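K.L.:
I would like the atomic coordinates for the input below:
(chains A and B)
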Amino acid sequence: MKTTRLLAVLTALMLVLAACTTGGDTTTTSGSEEPAGEETTTTAGGDEPTTTAGAPEPSGEGLLETVQARGNVLCGVNDVLPGFGVVNEDGTFSGFDVDLCRAVAAGVLGDPEAVEFVPLVADARFTALQSGEIDVLIRNTTWTATRDGQEGATFLFTTFYDGQGMMVPASTGFTTLEDLADANICVLSGTTTELNLTAVFGARGIPFNPQVFADNEQLRPAYESGQCEAWTSDASQLAALKATIEAEGGEEQFIMAEIISKEPLGPAVRDGDSSWAQAVEWSIMATVQAWEFGLDSTNIGSYSGTDPNVLNFLGTDGFDPGLGLATDFAITIIESVGNYQEMYERNIVPIGLQLEGSPNDLWTNGGLMYVPPYR
Amino acid sequence: MTTPPSPLSTRVPLWRDVRVLRVVGQVLAVAVAFLVLRWLLGNLTSNLDRLNLGLDFGFLSRPTQFQVPYHSTFNPRAPVADMVLVGIKNTFLAGFSGIVIALTVGLMVGVSRLSQNWLVARLATVFVEFFRNIPPLVIIIFFAAAVFTFGPFPNLREAILVSAPGSSSNLVILSNDQWGIPGFAGGSPLFTGLIGLGLILAAAGWLWRTRLNERTGRPHHRLAWFLGILIASVIISYLALGRPVSMSWPAQSENRRLIVGGFALNWGFMSVTAGLGLYTASHVAEIIRGSILAVPKGQNEASTALALSGFQRYRFVVLPQALRIAIPPIINQCLNLVKNTSLGTAVAYAEIAALTQTSIGNGRPALQSLIVMMAVYLMFSLSISLLLNLVNQRFQLVTR
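P.N.:
Sure thing, here's the model as predicted:
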């Protein structure tokens, strides 16, 4: 009795001491194997995160090393958006953003399947990124100043230039935003769509009533039953939804010609880790660079020309710019997911959007896809 | 013979002295809790610093930037604190209406379940078992889908207008988005103040009649006096101020997208209130049935021996004793109902949880917003339990 009480007191004391000594830092395995290029990475690419005193810093180990040691990339994606991120019937993920996640895994780890997909609703995506639940967020997310600043995210190369549009049933005959004065408009919670809707309608003095839902599965019945008269979202999402609704036998839909806002969609990583950000960014930009060189999944492995830019890009002569990636990372990426054009044609053309003539075309064709040289 | 042990040697050593160990144990427990808390807070501040996020509440004074549903008078450039107030108001409306429905329906169903009428008792049982065994979220979504989204009502632009007989104004407007019911228009602070005064006078009348009854034994009729004084004061102030309040009938606006006049109920509010009201009513019914059955059987037999009718038996003997037992669990159910209004996010009802979720998704700091939301629910819960505990104390048995 008394001895057990004494033992209990001693155990509590030991727990207290244990809690004190481990402190607040829980980063990675020390002593993990690191590739030879690591030293150059941490000095060339790394910068000290801007913190105040007292924050325990992982000594020299960034997220790139952590991911390479762990062996897979945690990628935040959408699971209900046709064209960008969907879950198939057999449980696998497919979509444009999903393919970009695979490209990142192929570049950083050499294996396009070394990815764990974390499906997220719009409201939760930035808290997941901030808390470390995901390493990179590729989930049709718009690049804005608030997200760069207050949300602690860093946005990378824009992979899809989009804009916000408005969809109404074709039978209503509405064609302009003024037709929707005082109307109920369905919108997703926690998106730039919601803020743009308020801003644009407020600027034009058009009153409206938002119906705010957490995801498309709850929104769609309200729209189709007429509780909302209009549905606003990114134009690419509206195109996918129009195709889905009409294919499933619903009413014919009409997407208004007016584009309400700029929506540059791209991947995002946490603030304060430049080497990880650059590794992700160059892996993704490799897909556009390959497209510009005319290389795709069928011919990149058998390139026999002598263009030094292409040879650098393919790493044939062992060119390594010191990003922490393998020298032939471009070949791994393009052979597994294809170049930008192949990814676009596989995922986005089926939902009704064409590549030629859109802002997502190559800069040489009048579009906005322009990547810095790999040199 | 051995000598008795000297006083000094009977002192228990410190390390097994129960009094010392008790104190040491409590001090250690507090120390452990404090250290764990400090470790958690250290984690939090270091992670926030790493991401350059702050722990301040300045976001409450910055513009909201999104529109709140069904509040066309809300300016999106108003500070976030105003949005929080709208959320509090909506939560209060849903909670209050839900509690009213839950208590009335619950009382009726609970008593019905003990009825001698076979059909009434079985119907009450079906009601209770159906609503009690389904999660409240499912009930709310089912209501919204069955009555509104996939229900029989048309869109607001082609709404059903039920007109008051013999006049051109509408009594009710029905649609799958909003319902319009008659309301009051006008009214002034003076009128409200006079009604308040009337309430106080009526309460004073209640107390006077009770005292009179205790002193002289004359029947108090205090309810009649209370209502009489209240109604008289309302009528007098209404006429004296020259009819400041009038009925306002709901009507469709020019573009047939709004309900002007009257009182507009939106589908999210109605789904949440009806769903939660019926769900909590099933729990309240069981509580009341249990508390009635807990009254000793001798009370029933004694009442019958004194030739009290069934209604008199309930009203004077059984229910007062049963309510004493029932009130604490009912307080619990009221608190649960207010907290369950957070399920309004599923039906686009803009109560505080939905608005907090939207504002976090739009870049407001997550931790601080959640702290504000928790403070709101804490305020509701503490007020309700404070109020109902006062009622409970009045009913309690005074024993030594």
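K.L.:
what's the neighbour count on whatever residue of chain B ends up closest to chain A?
P.N.:
Closest approach between chain B and chain A, counting by CB to the nearest CB: residue B:361, at 1.8 Å. Every C-beta, even on glycine, is put in place using the N, C-alpha and C of the backbone. Neighbours of residue B:361 under the rule other CB atoms under 10 Å in any protein chain shown: 24.
K.L.:
and if you look at residue B:84?
P.N.:
Around residue B:84 there are 21 residues (other CB under 10 Å).
K.L.:
List the contacts of the closest residue in space to it that isn't next to it in sequence.
P.N.:
Nearest residue to residue B:84, sequence neighbours excluded (CB to CB, 6 or more residues apart in numbering or on different chains): residue B:372, at 6.2 Å. Residue B:372 is in contact with B:57, B:60, B:84, B:356, counting by CB atoms under 8 Å, 6 or more residues apart in numbering or on different chains.
K.L.:
Buried subset of those residues, written for PyMOL?
P.N.:
Per 16 or more other CB atoms under 10 Å in any protein chain shown, the buried members of those correspond to this PyMOL selection:
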select buried, chain B and resi 60+84+356
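K.L.:
Adding pLDDT and distance to residue B:276, write the contacts of residue B:372 out as a markdown table.
P.N.:
Compiled in a markdown table, these are given as follows (pLDDT from 0 to 100; distance: CB to CB, whole Å):
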| residue | pLDDT | distance to residue B:276 |
| --- | --- | --- |
| B:57 | 87 | 31 |
| B:60 | 89 | 29 |
| B:84 | 94 | 22 |
| B:356 | 92 | 19 |
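K.L.:
So which of the contacts of residue B:372 belong to strands?
P.N.:
Assigned to strands by DSSP state E, none of these qualify.
K.L.:
Export the contacts of residue B:372 to a markdown table and append columns for distance to residue B:245.
P.N.:
Below are the contacts of residue B:372 laid out as a markdown table (distance: CB to CB, whole Å):
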| residue | distance to residue B:245 |
| --- | --- |
| B:57 | 40 |
| B:60 | 36 |
| B:84 | 30 |
| B:356 | 36 |
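K.L.:
Please tell me I have it right and the residue of chain B closest to chain A contacts residue A:187.
P.N.:
No - if you go by CB atoms under 8 Å, residue B:361 and residue A:187 don't touch, sitting 11.4 Å apart.
K.L.:
For chain A, just list every one of the helices.
P.N.:
Along chain A, counting by DSSP state H, helices occupy A:2-22, A:38-40, A:63-70, A:96-109, A:125-131, A:145-149, A:192-204, A:216-224, A:235-247, A:274-293, A:308-314, A:329-337, A:340-347.
K.L.:
The fifth one close to chain B?
P.N.:
Yes - shown here: helix A:125-131 in contact with chain B (CB under 8 Å from any CB of the partner chain) through A:126-127, A:130-131.
K.L.:
mind listing what the nearest residue to residue A:285 once chain neighbours are set aside touches?
P.N.:
The shortest distance from residue A:285 to any non-neighbouring residue, by CB to CB, 6+ apart, is to residue A:371 (4.3 Å). Contact partners of residue A:371, counting by CB under 8 Å, 6+ apart, are A:157, A:285, A:288-289, A:292.
K.L.:
Spit out the contact partners of residue 156.
P.N.:
No chain was given, so I picked chain A. Residues counted as contacts of residue A:156 (CB under 8 Å, 6+ apart) are A:266-269, A:277, A:280-281, A:284.
K.L.:
You answered for a different chain; I wanted chain B.
P.N.:
If you count contacts by CB under 8 Å, 6+ apart, residue B:156 has them with A:184, B:175-178, B:252, B:256-257, B:259.
K.L.:
Only the buried subset of those, as a PyMOL command please.
P.N.:
Selection of the buried residues among the contacts of residue B:156 in PyMOL, burial being defined by 16+ other CB under 10 Å:
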select buried, (chain A and resi 184) or (chain B and resi 175+176+177+178+252+257+259)
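K.L.:
Residue A:204: which of the contacts of residue B:156 is nearest?
P.N.:
Ranked by distance to residue A:204 (CB to CB), those are led by residue B:257 at 16.8 Å.
K.L.:
Tabulate the helices of chain A (CSV), appending mean neighbour count and mean pLDDT.
P.N.:
Listed next are the helices of chain A as CSV, based on neighbours: other CB atoms under 10 Å in any protein chain shown; pLDDT from 0 to 100:
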stretch, mean neighbour count, mean pLDDT
helix A:2-22, 11, 68
helix A:38-40, 14, 38
helix A:63-70, 21, 93
helix A:96-109, 27, 95
helix A:125-131, 21, 91
helix A:145-149, 14, 88
helix A:192-204, 19, 90
helix A:216-224, 19, 89
helix A:235-247, 20, 88
helix A:274-293, 24, 94
helix A:308-314, 18, 90
helix A:329-337, 24, 93
helix A:340-347, 21, 94
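K.L.:
need those in JSON lines with distance to residue B:336, can you?
P.N.:
Below are these laid out as JSON lines (distance: least, CB to CB, whole Å):
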{"stretch": "helix A:2-22", "distance to residue B:336": "35"}
{"stretch": "helix A:38-40", "distance to residue B:336": "55"}
{"stretch": "helix A:63-70", "distance to residue B:336": "43"}
{"stretch": "helix A:96-109", "distance to residue B:336": "40"}
{"stretch": "helix A:125-131", "distance to residue B:336": "27"}
{"stretch": "helix A:145-149", "distance to residue B:336": "37"}
{"stretch": "helix A:192-204", "distance to residue B:336": "31"}
{"stretch": "helix A:216-224", "distance to residue B:336": "24"}
{"stretch": "helix A:235-247", "distance to residue B:336": "38"}
{"stretch": "helix A:274-293", "distance to residue B:336": "45"}
{"stretch": "helix A:308-314", "distance to residue B:336": "63"}
{"stretch": "helix A:329-337", "distance to residue B:336": "50"}
{"stretch": "helix A:340-347", "distance to residue B:336": "46"}
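K.L.:
Hmm, residue B:182 and residue B:265 touching each other?
P.N.:
No - in this structure, residue B:265 is not within contact of residue B:182 by CB under 8 Å, at 11.8 Å.
K.L.:
For whichever residue of chain A sits closest to chain B, give its distance to residue A:215.
P.N.:
Nearest to chain B in chain A, going by CB to the nearest CB, is residue A:190, at a distance of 1.8 Å. Using CB to CB, to the nearest Å, we find residue A:190 at a distance of 10 Å from residue A:215.
K.L.:
Need the overlap of contacts for those two.
P.N.:
Common contacts of residue A:190 and residue A:215 (CB under 8 Å, 6+ apart): A:121-122.
K.L.:
what's the single longest strand in chain A?
P.N.:
Secondary structure of chain A per DSSP E: the longest strand is strand A:160-169.
K.L.:
Could you list the domains of the chain?
P.N.:
By default, I'm working from chain A. A:63-159+A:266-370, A:166-262 (automatic domain parsing).
K.L.:
ah, I was thinking of chain B
P.N.:
Domain ranges of chain B: B:16-50, B:80-182+B:249-395, per automatic domain parsing.
K.L.:
Which one, of these, ends up nearest to residue A:363?
P.N.:
If we rank the domains of chain B by CB to CB, the stretch that ends up nearest is domain B:80-182+B:249-395, at 31.6 Å.
K.L.:
Could you work out the end-to-end span of that closest one for me?
P.N.:
Distance across domain B:80-182+B:249-395, first residue to last, is 42 Å (CA to CA, to the nearest Å).
K.L.:
try stretch B:147-154
P.N.:
Distance between the two ends of stretch B:147-154: 11 Å, counting by CA to CA.
K.L.:
so what's the residue nearest the centre of chain A up against?
P.N.:
What sits nearest the mean C-alpha location of chain A, by CA atoms, centre = their mean, is residue A:138, with 1.2 Å. Residues in contact with residue A:138 (CB under 8 Å, 6+ apart) are A:75-77, A:97-98, A:100-101, A:104, A:159, A:267-268.
K.L.:
Just the ones of the contacts of residue B:372 in helices?
P.N.:
Using DSSP H, the contacts of residue B:372 in helices are B:84, B:356.
K.L.:
which among the contacts of residue B:372 gets closest to residue B:124?
P.N.:
Distance to residue B:124 across the contacts of residue B:372 (CB to CB) is lowest for residue B:356, with 38.0 Å.
K.L.:
And the residue lying closest to that closest one once chain neighbours are set aside, how far from residue A:352?
P.N.:
Counting by CB to CB, 6+ apart, residue B:356 lies nearest to residue B:373, which is 4.4 Å off, once chain neighbours are set aside. Separation of residue B:373 from residue A:352 (CB to CB) stands at 40 Å.
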